[in-house]
Structures are given as C-alpha cells and as structure tokens.
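Novice: could you look at this predicted model? Sequence included:
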Amino acid sequence: MGYLDEYKFWMTDPYFDEDTRAELKALEGNDKEIEDRFYKNLEFGTAGFRGVLGAGTNRMNIYTVAKASAGLAQFILSSGEDAVKRGVVISYDSRHFSPEFAEITATTLAAYGIPSLLSDELRPVPMCSYAVRYFKAFAGVMITASHNPSKYNGYKVYGEDGGQVPPEAADVILHAIEDITDLRQIRKMSLEDAKAQGFVKTFGEEVDNAYTDMLAKLVVDQDAIDKQKDMSIVYTPLHGSGNKPVRRILDRVGFTNIHIVPEQELPDGAFPTVRLPNPEDPDALKMAIELAKKTDASLVFGTDPDSDRIGVAAKTVENGEVTYRCFTGNQMGLMLLDYILDAKSSLGMLPSDSFAVTTIVSTKLAGKVTQAYGVELMEVLTGFKFIGEKIKLFDEFGDKHFQFGFEESYGYLSGLDVRDKDAVVAAMLICNMAAASFEKGETLVDRLSHVYEKYGFGIEETVSKTLEGKEGIEKIQNAMVELRSELEACTDARGASKLLGGVPVVAVRDYKTSTRYDFTADGVQKSEITLPESNVILYELGGDKGIDWACARPSGTEPKLKIYFGTYAQDKGEAAERLARIKSEVTGYIEEKLK
C-alpha cells in the first residue's frame, strides 16, 4: 500500500477515532506532509522508537503505541510462561499524551494476557529501570522522548535486567511489529476490565522508598554533606519527572537549603519556559541561574523531562564579577569519575578489578583518570544500553566491580540497581562532590582546574545538523555513504590526506564495517573492531598527545547528524586553537555533503 492509500485508509476507516480522521482531512492537498506521515512506519530501533506526535504511521499516536505493544506482547508470549507471569513495568514522563500512551500499553498487553504494573504518576527513566529489577519483571516500558522538543514523544523498552532491551530481543520485537499488517487485528481491552481481571495493577510509594534507600547508600562522603548541609543549591526539573525523586534524595542525605525554580517545578508537556527542555543547552538553566543569584547559591542544576540527564553550573568569580559557569557533560563526567575513585581509594573502599565505562565519543581524558587509580576503562558505542551490558557482564555475572559510567551527552550512573543513565543519583553525587570541595575552600570550577592540571587539558564539542523529514533522513544517509566511499578509496597515507577536506588523518574507525584503517607510508593496515556494528565513523587526527579526533554519527533518536570533536594539550590555548580549526574545516566539509 502506497503512502496515499495508507493516508486515505486512516482518514476514512471508522476504526480510527474522529479526531484522527479530522486531523488528516485537514491535510488534503499537502502532499509533502502526507508523504512524511505515511511513507514508512515509525521505526522500532535498538530500544524502541521516538517520533513527532500526530496522526500517521510515521507519527507517535495511540495506534502506533498499540502496535508496538502488540509486538512486545508477542515477544513475551514467545519467551515462555514465566516471562508472561512476570509481566511488564510501565512508567511515563510529563510529555503530552504520556499517561494515555502508558495506559494504551498496559491495556494492549492485558488483551494478550500479559500483566503489567503501571506507575500511579509520572516517574523518571531511572525509576522505571529500577522498578523492573525491584519487581523482577520480564520487561519495562518507559513513555518518553527524553530531551526532545515538545512535539515529540517516545516508547522505550527495557529488558529483565533493567537495561534497554538488547539487540537480539529488539529484532524479535521488530519482526513481531512488522507482522502486524492490519491495525484492526490488534486486540483491545478497556482499562476497567484489565484492572478487574487483575492484568493491570499500579505501583507507587513502595518503589519511591526503596529507590531512595538504595541511592542513599551510594553517598561517597557523608561527613562532607553533614558539614555543608546548608549550602545553597538551586534545582529545576524543567517541567519534568525529576522534581519529587531528586528532592527526596537530597533531603534524605541531609541537604537543607534547596531552592526550586517555581515557574519550572510542575509537569508541563509544553515546556513553556524553555526553548528546549535539554540541560545540555545552557539556556535551559537560565531561570535557575537567575534564582541562584538571588539566593547566593553555590550550585545550580537541572534535569530533563525523564530525569536521565543533568546539566550543572557553579558559582565562580571571573574578572571580579560573580558568575555561574556551566559544565559540559564531559567535564562533569571527568570530575565525578576522579572524585569517586579518589574518595574510595583514600577510604580503602576501591576494590581491585574495578572498572568504569564511557563511550567512544566521550572525552579521552577518562583513560588518564582511570589509569591513575589502577582502574580499567571500557569504551562502548554511544548509548547507555551498552554501559548497562558491561555492568551485567562484568559485575553482575563476572568478578569485576563497576564504579562509574558516563557519556558526553550529560548522562551518568553509579551503583548496580539502575541500568540506564540516572540524573537522580547524579544530582546527589554532584552535590556531595560540591560539599567536599567547599570543605577545602574550593568551588567546582576550582575542582575542574585541578583535574586538568593533573591529567592535561581537553576540549570536546558536538555540532548537530538537524534535517527533518524524509528528505533530511536521506541526505544524512547519503552523507555517510559518501564518507565511506572516500575512505575505501584511500590506499596509503597520501590518500588519507584527502579525507575530511585535508585535515590530517592518521587512522579511521568505521564501526559499520567493523574495520580500523591505519594509514602509513607503506599503505593501509586494516584490523577488526570488536564492538557491535554501528553507523559511526571516527577519525583519529593525531595531535601532540596523539588522541585528537573527529566523529560523524547519525542520531538514533532524532533527525540529526552529530559531528563530535576532541583536542588535547597541556596548554588550554593550544587545545582551543586546534579545536576551532578542526571544527571549522570538518564541519564545513561534511555540510557540503548534506546539501
């Protein structure tokens, strides 16, 4: 069925509700919009899907959610009686239609005889992950589009370990979804009937208390908190799900002077006070910083709608003026990694065979930190599902000891009971770290300076190129194809000089073909990359420390091509100059391929 036939079916068939048919009727004559809504099905990727809200097969709505849930149901049914009995945990954030999509998920599963535990109010990603493990459920579903604009929502699936569902299971779910060729065949059940028959139950305070108890055990230095308990802290939930759990843990461990941005405290899927509800964007903390100035706060932080990412700013004095410095995800990851390992080492609490995990596009200084403490650093592909897999493999079922995991996109994790990035535990650890710094008469800005003095200076940056719609996705795909074609054409170091428009390249890692290319005067040496296949190309650029790099990666959750950069030197000015040059040349070169 072509996209126009699919459009007419949705617009006219009585199976679809009146609002859906009216929305589509209003699109008559807008062929480009109709094509974008119906040229494909919303794609179920490695852990679920994310899309723009609206009517259509390529949109997030009650019908695509029901279809995904029916596919998940088939996967669970095929996994055996025990999987069915253990059922599914379902939670949701503050986005438009999140409660409704959570309910559709629960009732669709119920129609196939699968029980679920449905959160009695919005709760964040880390609590969904925790609840899967707490209840020993077979799977979990989180309704969220994380930090995306308000027009998006999404559907994330978790496995029984609380981590995002692994590729093998995702493939089975995907095929089950694809086998549903007629939405009218999907089974239905009302919420009232599902509850009456015991298929849908709710969870709430019990998990809140257990989760908070678990987090409190991860405090690194309680003595520092006790001495600095009244330090002024400003927090903004950015209209999301972090408000209650973050405040609970900070209160539990002893912080007494927390100020909440009132205009951003309550859930609101429109996110009316920010351009984007993304703590990676310094503008998202603008109102929090204004409140910090009024309350003389030493620390400012905000969490995104599903509270898996956290952005931080700290008070400092620059040129005689009090200001607030925002930290990048890499900077905060480095500080937390160094703080946790240093504190545990000093207290004799750092086990041998400890390890930390980060991603291939995160700061390369992480290796310097772990090396200093005799801790192994594991690098994984982008996505916290891969960090969760390392925890499961080497700690839960191995003899190593996980200490900390982070990725450049403001995601952090400590402890073993959550298997996705957790801004709630990160908030507690960051406040703990700030308290320990204040005990020494230092700020977090001072702490970062000390980290750079110890390990060398690094600057990392990400440029995102957004190209929405069918045409945009095709341009991104074509750009990656061109980059690979150029790579395949290189036969020696002279050929490599033509990559990226002439930026010196010493090696390339193509994660899609699982091949590493080292360029020498004698030719190209190829070796195998053992990480899973992924549509990523990373260029090693040398530099005085030999670790400067650039990377091209299409986002798995947004219509973006992300271009990452990192440069390293003892001198900040030198690193910054090199980054500016490389970023300009590489970005310009790739932009030409997106036209």
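Specialist: Okay, I see it. Numbers count the residues shown, from 1 in each chain.
Novice: output the below-cut-off pLDDT ranges for the chain.
Specialist: 491-495, 497, 543-546 (pLDDT under 70).
Novice: so what are the domain limits for it?
Specialist: By the assignment in automatic domain parsing, the chain contains the domains 40-209, 226-326, 331-421, 458-593.
Novice: possible to save these as JSON lines with mean neighbour count and distance to Met428?
Specialist: Where C-beta positions appear, they are placed from N, C-alpha and C, glycine not excepted. Listed next are the domains of the chain as JSON lines, based on neighbours: other Cβ atoms under 10 Å; distance: least, Cβ to Cβ, whole Å:
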{"stretch": "domain 40-209", "mean neighbour count": "21", "distance to Met428": "12"}
{"stretch": "domain 226-326", "mean neighbour count": "20", "distance to Met428": "5"}
{"stretch": "domain 331-421", "mean neighbour count": "21", "distance to Met428": "9"}
{"stretch": "domain 458-593", "mean neighbour count": "17", "distance to Met428": "25"}
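Novice: so which of these gets nearest Ile34?
Specialist: Checking these against Ile34 by Cβ to Cβ gives domain 40-209 as the closest, at 8.2 Å.
Novice: and the strands in the stretch 201-350 of the chain, which stretches?
Specialist: Along the stretch 201-350 of the chain, the stretches classed as strands by DSSP state E, counting those that start in this stretch are 233-236, 258-260, 299-303, 310-318, 321-326.
Novice: so how far is Ile180 from Arg187?
Specialist: Using Cβ to Cβ, to the nearest Å, Arg187 is found at 11 Å from Ile180.
Novice: surely Lys562 is in a strand?
Specialist: Yes. Checked against DSSP: H, G, I helix; E, B strand; the rest coil, Lys562 lies within a strand.
Novice: before we move on, the earlier item: what's the closest of the strands of the stretch 201-350 of the chain to Phe44?
Specialist: Evaluated over these, closeness to Phe44 peaks at strand 299-303, with 26.7 Å, by Cβ to Cβ.
Novice: and Ser514, what does it touch?
Specialist: Residues near Ser514 by Cβ atoms under 8 Å, 6 or more residues apart in numbering: Glu528, Ile529, Thr530, Leu531, Glu533.
Novice: is it correct that Val503 is in contact with Val586?
Specialist: Yes. Val503 is within contact range of Val586, at 5.9 Å (criterion: Cβ atoms under 8 Å).
Novice: common neighbours of those two, please.
Specialist: Tyr539, Ala550.
Novice: for the residue nearest to Glu407 when sequence neighbours are not counted, what are its contacts?
Specialist: Excluding the flanking residues, the one nearest Glu407 by Cβ to Cβ, 6 or more residues apart in numbering is Thr359, at 4.6 Å. Residues near Thr359 by Cβ under 8 Å, 6+ apart: Glu379, Val380, Leu381, Thr382, Gly383, Phe386, Ile387, Glu407, Glu408.
Novice: again, but for Asp422
Specialist: Val125, Pro126, Ser129, Asp308, Tyr412, Leu413, Ser414 are the contacts of Asp422 under Cβ under 8 Å, 6+ apart.
Novice: surely the third one is within a strand?
Specialist: The reference is to Ser129. No. Read with three-state DSSP, Ser129 is helix and lies in no strand.
Novice: do you know how far the residue nearest to it when sequence neighbours are not counted is from Pro532?
Specialist: Once flanking residues are discounted, Ser129 sits nearest to Gly162: 4.1 Å by Cβ to Cβ, 6+ apart. Distance from Gly162 to Pro532, counting by Cβ to Cβ: 20 Å.
Novice: isn't Gly269 right up against Ser98?
Specialist: Yes. Counting by Cβ under 8 Å, Gly269 touches Ser98, with 7.1 Å between them.
Novice: who's the closest residue to Ala434 other than its chain neighbours bridged to?
Specialist: Spatial nearest neighbour of Ala434, excluding adjacent residues (Cβ to Cβ, 6+ apart): Leu299 at 4.9 Å. Leu299 has these beta-bridge partners by DSSP bridges: Ile233, Ala314.
Novice: now the strands for the stretch 451-595 of the chain?
Specialist: Taking DSSP E, counting those that start in this stretch, the strands of the stretch 451-595 of the chain run over residues 457-466, 507-510, 515-520, 523-528, 537-542, 548-554, 560-569.
Novice: dump those strands to TSV, plus distance to Cys326.
Specialist: Shown next, in TSV, are the strands of the stretch 451-595 of the chain (distance: least, Cβ to Cβ, whole Å):
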stretch	distance to Cys326
strand 457-466	13
strand 507-510	30
strand 515-520	35
strand 523-528	39
strand 537-542	26
strand 548-554	23
strand 560-569	18
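Novice: nearest to Gly113, out of the ones you listed?
Specialist: For Gly113, the closest of the strands of the stretch 451-595 of the chain is strand 548-554, at 38.2 Å, according to Cβ to Cβ.
Novice: distance from that closest one to the middle of the chain?
Specialist: When distances are taken as Cα atoms, centre = their mean, to the nearest Å, strand 548-554 is centred 18 Å away from the chain's centroid.
Novice: now the angle from it to strand 537-542?
Specialist: Inter-element angle recorded for strand 548-554 and strand 537-542: 170 degrees (by axes from the mean of the first three to the mean of the last three Cα atoms, to 10 degrees).
Novice: could you check how far Val382 is from Tyr564?
Specialist: Check again: residue 382 is Thr, not Val. From Thr382 over to Tyr564 (counting by Cβ to Cβ), the distance is 9 Å.
Novice: what's the overlap in contacts for those two?
Specialist: Residues touching both Thr382 and Tyr564 (Cβ under 8 Å, 6+ apart): Val361, Arg553.
Novice: nearest residue to Arg578 in space, please, no chain neighbours.
Specialist: Distance criterion Cβ to Cβ, 6+ apart; nearest residue to Arg578, sequence neighbours excluded, is Thr567 at 4.4 Å.
Novice: got a list of what the one you found touches?
Specialist: Neighbours of Thr567 in contact, by Cβ under 8 Å, 6+ apart: Gly458, Ile459, Gly543, Asp548, Ala575, Ala576, Arg578, Leu579, Ile582.
Novice: CSV please, covering these and showing distance to Gly240.
Specialist: Below are these laid out as CSV (distance: Cβ to Cβ, whole Å):
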residue, distance to Gly240
Gly458, 30
Ile459, 30
Gly543, 39
Asp548, 36
Ala575, 34
Ala576, 33
Arg578, 37
Leu579, 32
Ile582, 35
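Novice: mind checking which of the contacts of Ser514 are in helices?
Specialist: Taking DSSP state H, every one of these sits outside helices.
Novice: nearest to Lys136, of these?
Specialist: Set against Lys136, the nearest of the contacts of Ser514 by Cβ to Cβ is Leu531 (30.2 Å).
Novice: chain neighbours aside, what residue packs nearest to that closest one?
Specialist: Computed as Cβ to Cβ, 6+ apart, the closest residue to Leu531 that is not its neighbour in sequence is Leu381, at 5.6 Å.
Novice: what's near enough to touch that neighbour?
Specialist: Leu381 makes contacts with Thr359, Ile360, Tyr511, Leu531, Pro532, Ser534, Val536, as judged by Cβ under 8 Å, 6+ apart.
Novice: just the residues you listed now: which is nearest Met433?
Specialist: Nearest to Met433, judged by Cβ to Cβ, of these is Thr359 at 21.5 Å.
Novice: and the closest one, how far from Tyr373?
Specialist: For Thr359 relative to Tyr373 (Cβ to Cβ), the value is 20 Å.
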